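Student: fold the following.
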Amino acid sequence: MAPITTTRSPWPHVWAWLLACATFPLIWVGGFVTTTDAGMAFRDWLTSDGHFMLAYPWLSAVGDKFVEHGHRLLGALAGFLSIALVIVVWRTESRSWVRKFSLVILAGVVLQGVLGGMRVVLDERTLALVHGCTGPLFFALCVAMVVFTSRWWNEVETRAATDRSRGIFRLALLCTGLAFAQLVVGAIVRHSPYMIGSAASALFQAAVYLHLLLALLIVGHVMLLAWRCCRNRLQETGGLCLAGLIIVQLMLGAASWVVKYGMPRWATSLVGETTLVNREADFVQNAIVTSHVAVGSLILVIALAIALRLARQLGVCAPRFSTGSNRLAGVAL
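Tutor: Here you go, the predicted model:
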């Protein structure tokens, strides 16, 4: 099938990129809030120590309040960008399912803000865990919108789906599901030590073992996906990028465990004691642990982007691919 050329506005794609680029640091800083246990730096919400959120003297704050309020400001920025995205999409986009999807993004950022606020108001650690799991989901929605509004999505030449190419698509979906499951289990590993009750220790231990098992599964499936993408010339760049991130994530995961809990006895007997392991909660430890969380979110969204692009390219298990011209494409925004 020949590629379809249409008159389309670039603005939905621009605003989708802005939102996605604002959401990634929001994920990173949110992880830093958890790592430094700064989530209860303020006891109020929607205000900060009684100040209207945007009027709080953030730059003069220190410690946990600086970290937590920075997270709140990034959340507000994501909210404003989501509203702007909805307005732009509804003014310029002809595909009804894309317009509706923009509303899903807006609902997602509202839900995420409410979860964060209720975590503070109720001082509830379980809500912090849920908030940490839904954050990457919102990031995934933003990246999906980037894919849907791209010129590539409208103009790509579709190819006949074969059993082999459908298998690659299913593998990409599986990698996406495994990546999100790993983020959920990782959140349990991070939050369970702060939970109260006799089950907290058992939950932590079970989550650690499951985290390791999922890591092995993800590494195997991602490497297989990258190899099959390159072999079949389907989404080669995304597959190679995903494989590179997995290698980085493995190193960050090992480093996170070492700086928090120390090396195994067999490793200590080989290299001896070192001040680089089992550190107090200093900047080095916080940066390593938080980077591990952030890269996990990147793995999730890149696997999702590969799956969506494969679905579009192969015409399988995807929304109705109407590529009608963007209405009001010439409207100045």
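Student: grab the longest helix from the protein for me.
Tutor: helix 199-232 (DSSP state H).
Student: list the buried residues for the helix or strand just after that one?
Tutor: Next in sequence after helix 199-232, counting helices and strands by DSSP states H and E, comes helix 236-261. By neighbour count on 16 or more other CB atoms under 10 Å, the buried set for helix 236-261 is 238-239, 241-243, 245-246, 249, 252-253, 255-260. For the C-beta atoms, the positions are set from N, CA and C on the backbone; glycine is no exception.
Student: which strands or helices does helix 236-261 pack on?
Tutor: For helix 236-261, the elements it packs on are helix 199-232, helix 283-314, judged by 3 or more CB pairs under 8 Å, 6 or more residues apart in numbering; DSSP states H and E.
Student: and among these, the most buried is which?
Tutor: Comparing the helices and strands packed on helix 236-261 by mean neighbour count (mean count of other CB atoms under 10 Å), helix 283-314 comes out on top with a mean of 21.
Student: now for it, which elements pack on it?
Tutor: Secondary-structure packing of helix 283-314 (3+ CB pairs under 8 Å, 6+ apart): helix 11-35, helix 125-148, helix 151-155, helix 163-191, helix 199-232, helix 236-261.
Student: quick one: which of the ones you listed is nearest Arg312?
Tutor: helix 151-155 (5.8 Å; CB to CB).
Student: can you report how many residues neighbour Trp28?
Tutor: 18 (other CB atoms under 10 Å).
Student: and the closest residue to it other than its chain neighbours, how far from His51?
Tutor: Nearest in space to Trp28, with sequence neighbours left out and distances taken as CB to CB, 6 or more residues apart in numbering, is Ala294 at 4.4 Å. Note on Ala294: its distance to His51, by CB to CB, to the nearest Å, is 29 Å.
Student: any regions of the stretch 101-250 of the chain where pLDDT drops low?
Tutor: The model of the stretch 101-250 of the chain has pLDDT under 70 over residues 195-198.
Student: quick revisit: which residues touch the residue nearest to Trp28?
Tutor: Phe24, Ile27, Trp28, Gly31 (CB atoms under 8 Å, 6 or more residues apart in numbering).
Student: then Ala128?
Tutor: Ala128 neighbours (CB under 8 Å, 6+ apart): Thr34, Gly39, Arg119, His191.
Student: including distance to Leu183, could the helices and strands packed on helix 236-261 go into a markdown table?
Tutor: Shown next, in a markdown table, are these (distance: least, CB to CB, whole Å):
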| stretch | distance to Leu183 |
| --- | --- |
| helix 199-232 | 10 |
| helix 283-314 | 5 |
